[in-house]
Structures are given as structure tokens and as C-alpha cells.
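Peer 1: The sequence isn't on hand, but the structure is:
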């Protein structure tokens with residue numbers, strides 16, 4: 001995904017053959033918190049770090065990242081789409097989104 005800008009927190013993903021740049025904006029993070037009914041995003045980060053995340057978490061993160069990148073896609077549509085690299089790539093991209101959203105840039 002050579003078009004992504006890591007410094008902006010972008011993560012690239014190919015959905016149905018089309019490359020998208022995802023990023024977690026402040027608005028996308030707020031929606032994500034509400035969608036997943038988490039008391040804080042740090043609780044979600046901890047779920048990913050411990051490997052205790054669900055498929056719903058992955059879909060919600062990817063949808064939030066897509067919205068932050070300017071693409072509207074609901075979890076049902078994304079669940080039916082073909083993500084290049086399959087479920088493991090989807091989970092990796094979701095984890096990358098979280099990591100880059102909270103990375104301290106120097």
C-alpha cells in the first residue's frame with residue numbers, strides 16, 4: 001500500500017480489488033467507542049493487544065477507518081466484501097489502525 005501516509009495514521013487495504021486509505025479521525029474514534037459500547041478506546045486497544053478481539057471489533061474498526069478516509073461502508077457490506085489477504089489481513093489492518101492512531105510522533 002504505497003499510497004498510505006503513516007505519519008497521518010493511514011493504513012491501506014484492498015477491498016473488492018480497490019485500494020483504500022483508512023485512518024481513525026477523532027470523529028471516527030468517537031463513533032467507534034459508541035458502536036462497540038466500550039468505556040474507553042484503551043479497553044479496545046487492550047483487547048487487540050491481548051488477542052481477545054472479535055470479528056465485530058475488526059469490522060467496526062475497518063468501517064471507522066474507511067469513514068475517516070472518506071469512504072462510507074457499513075459492517076454488513078464490508079463483511080460480504082473480499083478483503084485482499086483475507087481475515088488475517090483484515091485483523092492486521094484493524095490493529096495497525098489502532099496503533100497508528102495512538103502513536104506518538106517525534
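Peer 2: Ah, there it is. Here the structure is a predicted model, which is why all the values come from computation and not from measurement. Residues are numbered from 1 along each chain as shown.

Peer 1: Confirm that residue 90 sits in a helix.
Peer 2: Yes - under DSSP: H, G, I helix; E, B strand; the rest coil, residue 90 falls within a helix.

Peer 1: ok, it to residue 63 distance?
Peer 2: 11 Å (Cβ to Cβ, to the nearest Å). In short, each C-beta sits where N, CA and C put it, glycine included.

Peer 1: These two: who's more crowded?
Peer 2: Taking neighbours as other Cβ atoms under 10 Å, residue 90 and residue 63 compare with residue 63 leading, 25 against 22.

Peer 1: Which stretches in the protein count as strands?
Peer 2: For the chain, strands defined by DSSP state E occupy the ranges 11-15, 18-22.

Peer 1: List the buried residues in the first one.
Peer 2: Right, strand 11-15. The neighbour-count check on strand 11-15 (16 or more other Cβ atoms under 10 Å) flags 11, 12, 13, 15 as buried.

Peer 1: quick one: that strand to chain centroid distance?
Peer 2: Remark: strand 11-15 is offset 10 Å from the chain centroid, using Cα atoms, centre = their mean, to the nearest Å.

Peer 1: so what secondary structure elements neighbour it?
Peer 2: Under the contact definition 3 or more Cβ pairs under 8 Å, 6 or more residues apart in numbering; DSSP states H and E, strand 11-15 sits against strand 18-22, helix 55-68, helix 86-101.

Peer 1: what's the angle from it to helix 55-68?
Peer 2: 100 degrees (axes from the mean of the first three to the mean of the last three Cα atoms, to 10 degrees).

Peer 1: what does the average pLDDT come to for strand 11-15?
Peer 2: For strand 11-15, mean pLDDT is 96.

Peer 1: Which residues does it contact?
Peer 2: By Cβ atoms under 8 Å, 6 or more residues apart in numbering, the list of residues contacting strand 11-15 from outside reads 1-4, 19-23, 62, 65, 73, 78, 81-85, 89-90, 93, 96-97, 100.

Peer 1: Fine, thanks again, bye for now.
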